[in-house]
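Enquirer: For reference, the sequence and a predicted model appear below.
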Amino acid sequence: MPPCRRITGKRYATMSSVQAFIAANRFGFGARPGELAVIARDPMGWALAQLDARHVPQPALQKLPSTAEALRDGLGLLQRAKQSKNSGDADAQRKMLRETVKTLRDDYAEEAAARTQLAIQSAAPFFERLVQFWSNHFTVSATKRQSLTLVAAFERDAIRPHVMGNFADLLLASSRHPAMLVYLDNARSIGPNSPAGKRRNKGLNENLAREILELHSLGVNGGYTQEDVIALAKMLTGWTADANGTGDGSGFLFMNLLHEPGPKKLFGKTYRAGGVQEAEAALRDLARHPSAAAFVATKLARHFVADDPPAAVIRTLQNAYLRSGGDLRPVYKTLIALPEIWQAPLGKIKTPNDYIISLLRASGMTADIRLLAQAYQSLNQIPFSAPSPAGWSDRGADWIGGEALLRRIELAESVARAVHTTLDPQSVFAETIAPVASESTRQAVRRAGSRAEALTLLFSSPEFQRR
């Protein structure tokens, strides 16, 4: 007989059902109808089974534009708008600008909705959570208009194929993707002593180099100096977006005319002049640095364990990273085996993104592009639109305040009204939060005056808000 554990009041739940709740919400995006019972058979095995690269290709995503297509089509629209601006016809200018912005926003909304629908429908939600985790770690944002057409392609082409690989491959793929090169202005960085730099009297842009060191690899306390930032920025000169389709088809282009010549020294190591290979070698060295292991371990622990994870948890993940040489699957396996994860069923507050996806998974409600956009806008976490290169916060305090909670309740009520005629609240309760629900939550749902009210109380309960 499975062991039992007291959750609250007079209610008891089997350990396997509590762990099923943890697996579904901590590693996934909440349970769909009937899923908790399946997960309860082997919660850790359910998560481990998703560490498989066969989940990379998804038919719905393959129908969307590749990076090269998004780059070509998006820049084409912007160039036509610019040509209209130079035509001298003010009415034509305004019309072209409106049409361009509308087309770009419509395409962006379709891509964001496809990403959300995949997370809602996926039978491998842990894989999808890892994709979104790394996409946030290597943030590119549509808040910069030039990036609008590329942000979704970035996640599909630079992040998704590498989440089961080595961190060095993730770092390299994200750094060379045109979305990152445009977002952090490296496409405009020119070596001062390069042929183009001498001719145009242009210089370095340090944005990408700084964020690679501070946000993508070593962390703000990773031990780098301003001299290291400058050295890496010089190595990255010539890394630009392939606007004309003359490169290898990936959207990346190296232009030696822009590249700073000569050797460079990073973290005490001298890199011989080697064109594009200089930064490639440097990025792989950064991925092997002990500070990178500590930084990645901290980010993973904060996302999956607690807002302020125990130092022992970080060390355990850091050691797994170092032992594997940055291979991520062994790190994920170590993460899944952490006792701390399985001991705290309500340890993290769901971000708005997680809350919306879990609502739709639990309710089975189908939301169109317009409704999804309204939900994300209401809760202030529009996909691919993080306010800075640091990405979205992973701390609960940044997402739950008085107004934010009220908007979540309003969304819960809206979903409840849409599905109450087809869903039994007690069945939804049993298949979502029952293993961890407090007695007060149980009583509130049971005593509600209507199905819609019961579902609203369930979807806005503290237990449903957490993972």
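Expert: Great, that's in hand.
Enquirer: How many residues are close by the spatially closest residue to Glu214 that is not a sequence neighbour?
Expert: Excluding the flanking residues, the one nearest Glu214 by C-beta to C-beta, 6 or more residues apart in numbering is Val220, at 5.2 Å. No exception for glycine: its C-beta is placed from N, CA and C like everyone else's. Using other C-beta atoms under 10 Å, Val220 has 10 other residues around it.
Enquirer: Low-confidence bits of the stretch 301-450 of the chain, can you list those?
Expert: Along the stretch 301-450 of the chain, no part satisfies pLDDT under 70.
Enquirer: pLDDT (mean, whole number) over the longest helix seen in the chain?
Expert: Scanning the chain for the helix with the most residues, using DSSP state H, yields helix 90-121. The pLDDT scores in helix 90-121 average 84.
Enquirer: following that helix, which helix or strand comes up?
Expert: Counting by DSSP states H and E, the next helix or strand C-terminal to helix 90-121 is helix 125-137.
Enquirer: give me every residue that touches Pro389.
Expert: Neighbouring residues of Pro389 by C-beta atoms under 8 Å, 6 or more residues apart in numbering: 139, 141, 183-184, 211, 215.
Enquirer: Could you say which helix or strand holds it?
Expert: Going by DSSP H and E, Pro389 is not in any helix or strand.
Enquirer: Quick check: it vs Leu130, distance?
Expert: Counting by C-beta to C-beta, to the nearest Å, the gap from Pro389 to Leu130 is 20 Å.
Enquirer: what do you get for Lys299?
Expert: According to C-beta to C-beta, Lys299 and Leu130 sit 12 Å apart.
Enquirer: So if I had to pick from the two, which one is more boxed in?
Expert: The neighbour count for Lys299 versus Leu130, taken as other C-beta under 10 Å, is higher for Leu130 (24 against 21).
Enquirer: ranges for the helices of the stretch 251-400 of the chain?
Expert: In the stretch 251-400 of the chain, the helices defined using DSSP state H, counting those that start in this stretch lie at 276-287, 290-304, 311-324, 328-336, 339-342, 352-363, 369-379.
Enquirer: For these, could you give me JSON lines that also reports distance to Gln226?
Expert: Shown next, in JSON lines, are those (distance: least, C-beta to C-beta, whole Å):
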{"stretch": "helix 276-287", "distance to Gln226": "16"}
{"stretch": "helix 290-304", "distance to Gln226": "16"}
{"stretch": "helix 311-324", "distance to Gln226": "26"}
{"stretch": "helix 328-336", "distance to Gln226": "30"}
{"stretch": "helix 339-342", "distance to Gln226": "37"}
{"stretch": "helix 352-363", "distance to Gln226": "35"}
{"stretch": "helix 369-379", "distance to Gln226": "38"}
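Enquirer: Could you say which of these is packed most deeply?
Expert: Of all these, helix 352-363 has the most neighbours on average by mean count of other C-beta atoms under 10 Å, namely a mean of 25.
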